[in-house]
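A.B. asks: 3D, please:
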Amino acid sequence: MRLKPRQVEAFRAVMMAGGITAAAEAMNVTQPAVSRLIRDLEEIVRMTLFERVGARLVPTAEATQFYREVERLYLGLDQIAQAADDIRLHKNTVLRIASVTSLVRPYLHKAIIDVIGDRVDIPLVIDVENSRYIWDMVDQNRYDLGLVFGSPRMADKNAVLLHSSNAVAAMTSDHRLASRDIVTPADLIDERVLIPGRNSPLRLALDRAFSIEEHQPVSSMETSMLNCCYFAAAGMGVGLVDQTSLRSAGAKVVAIPFEPKIEVSYYAIRPVGGQRIGVIDDLIARLQAMMAQPFET
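C.D. replies: Reported below is the predicted structural model:
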């Protein structure tokens, strides 16, 4: 005969409760049922586990030793169950997030506060990197969540669209172009143009837009999207950026639509085949909600 879980359960109940009656109540079964389970267990292990002394049932030395082993086993099972819960709920496991600078504040910052808040069971690592690096590291399962920007064509089954907006020309309110309905490459020939780095999808589209012009801008400054916003607000030139970066920078500028239209999209990406983590789903949903709010300059 093989040992059955119900027999072990009855043995534990008797040891913990101190008798058949209390064990039967704890297991919600009859006293004869508990007695039968104990007899069957003694037959299988070939040991006498209890002796009756008057009206009391007293565990033998073998029973005490056996109980220690049973408890060790049950503790292990409890630990396995707890580990499963921790994995499912992503407790006590480091959540690794990487983001482009434009999405750190206020978006990621606020999403983490709203979703995770005071949950001390979720350790975090948050890195700020460029989109290309983040894509590569997510592919290698180095990050659980990556926040990147790119063209709409970059979407795939592991990428969730957060928000899309068109490029704008950012400048001070007293700039000569501030009253325009649109700004084109030709309007910027005599301006210092503040443009994002060469790895940016927006930069690639801007290069194509300016390539058809006979003359290039008299001056340019290549820097991050946020720096483009800051320098534009300081009157250093006209920044060609997207509205998401403008909101992130909090720069006081006038934003004029740029033509030809250039769409910039932001995505949340996850490793291929990675487990679904509820906290990440909640973070993505919160980011989408915030980024969907109308932008005001």
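A.B. asks: burial count for the closest residue to residue 212 other than its chain neighbours?
C.D. replies: Counting by C-beta to C-beta, 6 or more residues apart in numbering, residue 212 lies nearest to residue 185, which is 7.6 Å off, once chain neighbours are set aside. (C-beta placed from N, C-alpha, C; glycine too.) Neighbour count for residue 185, taken as other C-beta atoms under 10 Å: 20.
A.B. asks: Could you verify my assumption that residue 185 touches residue 209?
C.D. replies: Yes: using C-beta atoms under 8 Å, residue 185 is in contact with residue 209, at 5.3 Å.
A.B. asks: where does the stretch 51-200 of the chain have low pLDDT?
C.D. replies: The stretch 51-200 of the chain contains residues with pLDDT under 70 at 75-92, 151-157.
A.B. asks: Please, where are all the helices along it?
C.D. replies: Assigned by DSSP state H, counting those that start in this stretch, the stretch 51-200 of the chain shows helices spanning 61-89, 109-115, 131-139.
A.B. asks: How much space separates residue 118 from residue 112?
C.D. replies: According to C-beta to C-beta, to the nearest Å, residue 118 and residue 112 sit 11 Å apart.
A.B. asks: the more surrounded of these two?
C.D. replies: A side-by-side neighbour count of residue 118 and residue 112, using other C-beta under 10 Å, places residue 112 first with 19 against 5.
A.B. asks: Surely the more buried one touches residue 279?
C.D. replies: No: between residue 112 and residue 279 there is no contact under C-beta under 8 Å: 9.7 Å.
A.B. asks: Pull the longest strand along the chain out as PDB, backbone CA atoms only.
C.D. replies: With DSSP state E setting the assignment, residue counts place strand 159-171 as the longest strand in the chain. Extracted as PDB, the C-alpha positions of strand 159-171 are listed here (Å, rounded to 0.1, in the frame of the first residue of the first chain):
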ATOM      1  CA  ALA A 159       5.200  46.100 -28.400                       C
ATOM      2  CA  VAL A 160       2.200  48.000 -27.000                       C
ATOM      3  CA  LEU A 161       1.600  51.400 -28.400                       C
ATOM      4  CA  LEU A 162       1.600  54.000 -25.700                       C
ATOM      5  CA  HIS A 163       1.000  57.200 -27.700                       C
ATOM      6  CA  SER A 164       1.600  58.800 -31.100                       C
ATOM      7  CA  SER A 165       2.000  62.500 -32.000                       C
ATOM      8  CA  ASN A 166       3.400  64.600 -34.800                       C
ATOM      9  CA  ALA A 167       6.600  66.600 -34.800                       C
ATOM     10  CA  VAL A 168       6.400  70.200 -33.900                       C
ATOM     11  CA  ALA A 169       8.600  73.300 -34.100                       C
ATOM     12  CA  ALA A 170       9.200  74.600 -30.600                       C
ATOM     13  CA  MET A 171      10.200  78.200 -30.000                       C
END
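A.B. asks: List the buried residues in it.
C.D. replies: Applying a neighbour-count criterion of 16 or more other C-beta atoms under 10 Å, one finds 159, 160, 162, 163, 164, 165, 167, 168, 169, 170, 171 buried in strand 159-171.
A.B. asks: In JSON lines: the residues you listed, plus distance to residue 262.
C.D. replies: Output for the buried residues of strand 159-171, formatted as JSON lines (distance: C-beta to C-beta, whole Å):
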{"residue": "159", "distance to residue 262": "19"}
{"residue": "160", "distance to residue 262": "22"}
{"residue": "162", "distance to residue 262": "17"}
{"residue": "163", "distance to residue 262": "15"}
{"residue": "164", "distance to residue 262": "11"}
{"residue": "165", "distance to residue 262": "10"}
{"residue": "167", "distance to residue 262": "4"}
{"residue": "168", "distance to residue 262": "10"}
{"residue": "169", "distance to residue 262": "11"}
{"residue": "170", "distance to residue 262": "14"}
{"residue": "171", "distance to residue 262": "17"}
